[in-house]
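Enquirer: Output the structure for:
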Amino acid sequence: MNPSDPGSGPASRTRLSVPALPIRAGTRGSPLALVQTRTFLRFLAAVPGAGEGQEAIISTTGDAVQDRPLADIGGKGLFAKEIHEALLDRRIDCAVHSLKDLETELPAGIVLGCVLKREDARDVLILGETCGTADPADPLMALPHGALVGTSSVRRQAQLLHARPDLRVASIRGNVQTRLRKLRDGECQASMLALAGLRRLEMEVPGAVVLEPETMVPAAGQGIVGVTVRADDTALRDLLAVIEDAQSRAAATAERALLATLDGSCRTPIGANARLLPDGTLILTGLVARADGSFLLKRSLTGLPADAERIGVELGDSLRANAPADLFG
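Expert: As a prediction, this is how the structure comes out:
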């Protein structure tokens with residue numbers, strides 16, 4: 001796979017101040033996290049004055065604790081807590097994240113410096129040997145009646161059970177390789193992953209069926225790599241502006257605004273997917289549901305990319321107004 005080209009920000013047309021070198025980029029240690037960080041560092045090295053960067057692997061609580069759901073140990077922010085502590089302590093200069101794992105409210109003094117061009121945001125259903133052949137028009141019907149599907153995502157669980165109440169869901173955590181191994185070992189009959197991760201890892205997986213957003217609304221930020229930086233590091237922020245992808249930023253802004261407006265926890269199934277239409281209009285689809293699939297509400301809203309935050313807030317308010325209040329408790 002060829003990495004996506006970086007965007008072109010306004011800083012590419014101005015004289016840049018140069019931060020202290022080398023630039024140290026904090027990252028988790030999973031294979032996918034390292035691929036994403038090395039892609040970012042290649043983009044950064046192409047910016048005049050940036051020089052070579054260094055990856056700094058930091059162990060996070062989210063990676064260390066694999067035997068409990070994220071909601072039980074503090075939420076997805078645990079994938080960034082230790083990394084952002086290192087950033088504030090100036091042990092690193094920036095941090096590279098899968099944006100879907102980054103909390104919507106960042107710690108004081110930290111900002112989202114840039115986002116890279118989005119990889120495919122869709123989810124993938126991985127069918128085991130006991131499953132049938134998927135019909136592209138209705139891929140979930142390839143799952144046998146009562147099949148056990150492994151996923152740690154309540155968003156995926158809710159949409160699966162809403163479409164197929166007969167299915168069973170088992171919590172499976174771990175990196176891409178771990179989840180695929182558990183499927184091969186028979187711990188479940190099918191599993192679900194983000195297509196972006198498989199593509200970045202250049203993995204061809206037997207039994208993989210791509211799910212369109214109409215079937216499975218992705219997570220907010222899925223497929224986007226985001227880079228956080230100290231708010232006062234203006235030199236590095238100028239460099240990051242050069243590799244910013246404007247379309248991905250608009251999509252990320254809309255999706256994260258919706259997520260922040262709903263203020264859901266890791267126990268709240270929320271989906272958000274924004275994309276630009278051929279005429280330049282931004283369309284945002286949002287979803288809220290019960291984890292057991294008994295309630296699901298999905299709506300869309302369109303507008304200009306410049307109004308991405310407003311679109312996210314308005315759609316979030318609309319979903320919240322017509323969803324049971326206890327979903328957001």
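Enquirer: Which helix or which strand is home to residue 125?
Expert: strand 123-127 (DSSP states H and E).
Enquirer: for the record, mean pLDDT for that strand?
Expert: Mean per-residue pLDDT for strand 123-127: 95.
Enquirer: Which other helices and strands does that strand contact?
Expert: When contacts are defined as 3 or more C-beta pairs under 8 Å, 6 or more residues apart in numbering; DSSP states H and E, strand 123-127 sits against strand 190-194, helix 195-200, strand 208-211. C-beta coordinates here come from the backbone N, C-alpha and C atoms, glycine included.
Enquirer: So for the longest one, mean pLDDT?
Expert: Confidence over helix 195-200, taken as the mean pLDDT, stands at 95.
Enquirer: then that helix to CSV, C-alphas only?
Expert: Extracted in CSV, the C-alpha atoms of helix 195-200 (Å, rounded to 0.1, in the frame of the first residue of the first chain):
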residue,chain,number,x,y,z
LEU,A,195,-10.6,-1.6,7.0
ALA,A,196,-8.1,1.2,7.5
GLY,A,197,-6.0,-0.9,9.8
LEU,A,198,-5.9,-3.8,7.5
ARG,A,199,-4.8,-1.6,4.6
ARG,A,200,-2.1,0.2,6.5
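Enquirer: Which other helices and strands does that helix contact?
Expert: Going by 3+ C-beta pairs under 8 Å, 6+ apart, helix 195-200 lies up against helix 31-45, strand 123-127.
Enquirer: Return the distance of that helix from the chain's centre.
Expert: For helix 195-200, the separation from the chain centroid amounts to 11 Å (computed by C-alpha atoms, centre = their mean, to the nearest Å).
Enquirer: Kindly report the same for stretch 96-109.
Expert: With C-alpha atoms, centre = their mean as the basis, the mean position of stretch 96-109 lies at 10 Å from the chain mean.
Enquirer: which residues touch that stretch?
Expert: 25-27, 32-33, 36-37, 40, 62, 75-77, 79-80, 83-84, 88, 112, 115, 194, 197, 219-228, 230-232, 252, 256, 259-260 (C-beta atoms under 8 Å, 6 or more residues apart in numbering).
Enquirer: and if you look at stretch 176-188?
Expert: 31-32, 126, 128, 148-150, 170, 172, 174, 190-191, 193, 197-198, 201, 203, 205.
Enquirer: what are the ranges of the helices in this protein?
Expert: Ranges of helices in the chain, per DSSP state H, are 31-45, 61-64, 70-73, 81-88, 154-163, 176-184, 195-200, 234-242, 246-262, 308-321.
Enquirer: quick one, the last one and helix 246-262 angle?
Expert: Put simply, helix 308-321 runs at 30 degrees to helix 246-262, going by axes from the mean of the first three to the mean of the last three C-alpha atoms, to 10 degrees.
Enquirer: So for helix 308-321, mean pLDDT?
Expert: Helix 308-321 comes out at a mean pLDDT of 98.
Enquirer: And the contacts of stretch 176-188, which of them are buried?
Expert: 32, 126, 128, 148-150, 172, 190-191, 193, 197-198, 201, 203, 205 (16 or more other C-beta atoms under 10 Å).
Enquirer: out of those, which one sits closest to residue 309?
Expert: Using C-beta to C-beta, residue 197 is the member of these that sits closest to residue 309, with 27.0 Å.
Enquirer: What separation is there between that closest one and residue 100?
Expert: Look at residue 197 and residue 100: by C-beta to C-beta, to the nearest Å, they are 10 Å apart.
Enquirer: ends of stretch 254-273, how far apart?
Expert: 9 Å (C-alpha to C-alpha, to the nearest Å).
Enquirer: no no, stretch 101-110
Expert: End-to-end for stretch 101-110, by C-alpha to C-alpha: 16 Å.
Enquirer: Just the mean pLDDT for that stretch, thanks.
Expert: Mean predicted confidence for stretch 101-110 is 93.
Enquirer: if we can go back for a sec, so for the strand holding residue 125, could I get the coordinates as PDB, restricted to C-alpha?
Expert: The C-alpha atoms that make up strand 123-127 are tabulated as PDB, following Å, rounded to 0.1, in the frame of the first residue of the first chain:
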ATOM      1  CA  ASP A 123     -15.700  -1.600   8.900                       C
ATOM      2  CA  VAL A 124     -14.900  -5.100   7.800                       C
ATOM      3  CA  LEU A 125     -16.700  -8.300   8.800                       C
ATOM      4  CA  ILE A 126     -14.300 -11.200   9.000                       C
ATOM      5  CA  LEU A 127     -16.100 -14.500   8.400                       C
END
